[in-house]
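> whatever this is, show me its structure:
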Amino acid sequence: MNFNNLNQLYRSVIMDHYKNPRNKGVVENGSMTVEMNNPTCGDEIQLTLNVESGIVKDVKFQGQGCSISMASASMMTEAIMNESVERALEMANEFSNMMLGEDYNITDDMGDVEALQGVNQFPARIKCATLTWKALEKGFKESDK
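So this is what the prediction gives:
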């Protein structure tokens, strides 16, 4: 598959997650709620999670923003569902590395997130892609206190 075809495939995966978001809404009686925004572009995200015995049993998001931030939220919720908090944080780290153009290891269990890899060519959009992942890290960090 040539670069243009791959680019088009990635674009269609991103648009599918944007137009048909997975896990959009609120986890009723969730054990964690975290909100973040990107004041630069106005993206806003709220994550609600139900974590039991260190496992993400349910995760949903709501918010508003560009196609990249909303697609990333959809992809992240799919990736971390039924994963351990430790594994979810590893995924967040690998995603961050990918966005920064550093060595990364996106595994099959992370679903469609690699479709966002091209975003790292647009520095202004990296914050859009990482917003939900940073919210996840913030939520887990605050729940440890």
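
> which pLDDT value goes with the residue nearest to the spatial centre of the chain?
The chain has Met76 as the residue nearest its centroid, 3.4 Å off, counting by CA atoms, centre = their mean. Here the pLDDT value assigned to Met76 is 98.

> isn't Glu114 up against Thr107?
No: applying CB atoms under 8 Å as the test, Glu114 and Thr107 come out as separate, 9.6 Å apart. (C-beta placed from N, C-alpha, C; glycine too.)

> these two: which is more packed in?
Here Glu114 and Thr107 are set side by side on neighbour count (other CB atoms under 10 Å), and the busier one is Glu114, at 18 against 13.

> who are the contact partners of the more buried one?
10, 98, 106 (CB atoms under 8 Å, 6 or more residues apart in numbering).

> repeat for Asp43
Asp43 sits in contact with 37, 63-66, 69, 127-128, 131, where contact means CB under 8 Å, 6+ apart.

> quick one: the closest residue to it other than its chain neighbours and Ala124, what's the gap?
Once its chain neighbours are removed from consideration, Asp43 has its nearest residue in Gly65; the separation is 3.1 Å (CB to CB, 6 or more residues apart in numbering). In this structure, Gly65 and Ala124 are 13 Å apart, going by CB to CB, to the nearest Å.

> now do Glu83
Distance, Glu83 to Ala124, by CB to CB: 30 Å.

> pick out whichever of these two has more residues nearby.
More crowded of Glu83 and Ala124, by other CB under 10 Å: Glu83, with 18 against 9.

> mind listing the helices for this structure?
Using DSSP state H, the helices found in the chain span residues 3-19, 67-80, 85-99, 123-143.
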